[in-house]
Structure formats: C-alpha cells, structure tokens
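> Make a model of this:
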Amino acid sequence: MLKAKVLDFICQKVLEIKCHFLLESTCRLQMLDKHKIEGIFAGFWSEVYSDLCSIENSGWNAELISDEYIVASQFPEVISKKLQNSEQIATLESKYNQMLTAEDSNDEEANRIKQLKEEKKTLSAQKTQANKNLTQVRKSLKESIKAGETGDYRKNLENVVAEAERKYNKAVQKLNEVEEQLTAFTAIEKEIKLLKEDIRAIDRRMGDLADKAREEIPDEKARDIILNQFFGTIEKMLNSHIEQHFLEMSKSIEILWDKYNNSLTAILKERDDRTKELNAYLAELGYEI
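Numbering: from 1, shown residues only. Modelled structure (predicted):
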C-alpha cells in the first residue's frame, strides 16, 4: 500500500513537471513544438525510470542522489568554488586564444607561439651543451695554469675558454629573449593548470562529502532533494533544446545579414566604380568608350 502511494506521488510530481514545461515552452517561450516537448519528456522518463523503480521498491533513499547534486545541496560553497574555477579557466582560455589570434594575424606570424616553444626547447639544449663545453675548457685551463704551462698552448686554451663563454652567454641571451616573449602565455598556462588541479582536488573530495551528507539526510528531506534532482534533469534537457534553437536562429540571422547587409546605394556605387575601372582599362587598350 505504501509503495503504491509513493509511486502515485511520483507520477503526480512527474506529470506536474511535464505540464509545467509544456506550458512554459508553448505559451511563454514559443520555441519548441509539442512533439519536441514530448520527446524531451520521453528522454527524461528513460533517464529517471530506474530511480523511480528503486523508489517504488526501497522508498526515498539518499543513495539515489548523485554526488555532485548532494554536495551542491549540502555544501554549496564547494560547488561554487568549482564553478568559479571553471569560469576562470574559460576566461583565461578565451584570453589565451585571443592572444594567439593576434600573434597569427599575419601569414608570417602563423603558429608563432608553437615556433617560440620549439625554439625555447632548442635553445635550452644549446645552453646546456654550451655550459658543459665551458666547464670542460675551464677545467683544462685550470689544469694548465696549475701545471705552469705557458706559451701558445696556454694562449690557445684561454682563447677557447673566451669563445666558450661567448657562446654560452649568447645562448643564455637568446633563451631569455624567447622566454620573455612567452611570459604572458606561460603565465596563463600555469594559472589554468593550477585551477584545473584545484578542480580535480574538489572532485576527489566530493565522494567523501557526499557519503557524509547522505548519512545525515532523513527520508523526507531525501524525497525533496530527489524531486529537485529530477526537475534539474528535465530542465537541463529542455535548456539543451532551447540553446539549439537559439543557434539555429543565430545562423539564420547571420545568413540573412551576409546576404542583405549591403544597401542598394552601396551596391550601385560599387557597380559604378567597377564600370569606371573597366572603361579606363579599355581606353588604355585603345577602345572608344
């Protein structure tokens, strides 16, 4: 008897959600037709059907609440921090892409950042090798001085050391120049990396927080949270269709703009300008206009 009442209550709430979205979409949003709304509801029903069966058999069990949803309801500051990090990452990636676009505005600057990174890698290897060579020739010169050697051999060693120092300093200078050009990009990359590490740390904590929250949620409160989770599921599905509708509308408007953004005056002026150019060219060839 209790199970039947629970199932009846679920069905009633589900139908209320369905009617709510039918009315919202057809009367206020006026974006989706009845068939799309029914499709959304069918997808929603398929998504939550196993949970409904579980509720029928076991009641309102907090185990049915997803980790992210239960953490969001019981520890909103954790989800808020995760969302904040995600937004920061999106902003930084957008800024990074804009900087890349600016760098690649000319054909000669195409793939500039990639080239700089490859150049940095090469210069780092050159610097390491130059430092190794410098250490070796300095050691040889030191041994020569210790042995009391003079003359051409000693002078040659000093010249070799001076040349090794010049090559090492040059490699360091070039590497510093490349690193300076990459500073803005590497700073953004490091910040994005730290934010992603923070998100991963939050994800690792979410399991423990969810288990802790489930232990403290009574069945009555679990029912409200589960119903809100169901509502969020169908809301997400509906928003996905609405976003697709907006994309289709935007694409249609862009096509119309590309097709009709030039006024008749501008078109006629362009025609006259091209006519004058053609007439001038024909006159140069000796044709009478």
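> what about the helix or strand where A125 lies, average pLDDT?
Here A125, judged by DSSP states H and E, is contained in helix 112-146. Mean per-residue pLDDT for helix 112-146: 76.
> List the residue ranges of this structure that fall below the pLDDT cut-off.
Along the chain, segments meeting pLDDT under 70 span 1-31, 34, 99-114, 116, 150, 182, 184, 289.
> And the helices in it?
2-23, 34-58, 67-74, 76-103, 112-146, 151-215, 219-260, 264-284 (DSSP state H).
> Could you dump those helices into TSV and include mean neighbour count?
(Each C-beta comes from the backbone N, C-alpha and C, glycine too.) What follows is the helices of the chain, written out as TSV (neighbours: other Cβ atoms under 10 Å):
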stretch	mean neighbour count
helix 2-23	14
helix 34-58	14
helix 67-74	19
helix 76-103	13
helix 112-146	15
helix 151-215	14
helix 219-260	14
helix 264-284	10
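> related to what we said a few turns ago, who are the packing partners of the helix holding A125?
Packing partners of helix 112-146 (3 or more Cβ pairs under 8 Å, 6 or more residues apart in numbering; DSSP states H and E): helix 76-103, helix 151-215.
> what's the closest of those helices to C53?
Ranking those by proximity to C53 (Cβ to Cβ) places helix 151-215 first, at 19.8 Å.
> what angle do the closest one and helix 112-146 make?
130 degrees (axes from the mean of the first three to the mean of the last three Cα atoms, to 10 degrees).
> Tell me how far helix 151-215 lies from the chain's centre.
Offset of helix 151-215 from its chain centre (Cα atoms, centre = their mean, to the nearest Å): 22 Å.
> relative to helix 219-260, how tilted is that helix?
For helix 151-215 against helix 219-260, the angle between stretch directions is 120 degrees (the same axes, to 10 degrees).
> Next, the contact list for Y153, please.
Contact analysis of Y153 by Cβ atoms under 8 Å, 6 or more residues apart in numbering lists S144.
> is it possible to export the helices and strands packed on helix 112-146 to a markdown table including distance to T233?
What follows is those, written out as a markdown table (distance: least, Cβ to Cβ, whole Å):
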| stretch | distance to T233 |
| --- | --- |
| helix 76-103 | 17 |
| helix 151-215 | 17 |
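> Among the ones you listed, which comes closest to S58?
Across the helices and strands packed on helix 112-146, closest to S58 is helix 151-215 (Cβ to Cβ), at 13.8 Å.
> Distance check, the most centrally placed residue in the chain against L52.
Centroid-nearest residue in the chain, with Cα atoms, centre = their mean: A90, separated by 5.0 Å. Per Cβ to Cβ, to the nearest Å, A90 is found 35 Å from L52.
> and what of E215?
For E215 relative to L52 (Cβ to Cβ), the value is 24 Å.
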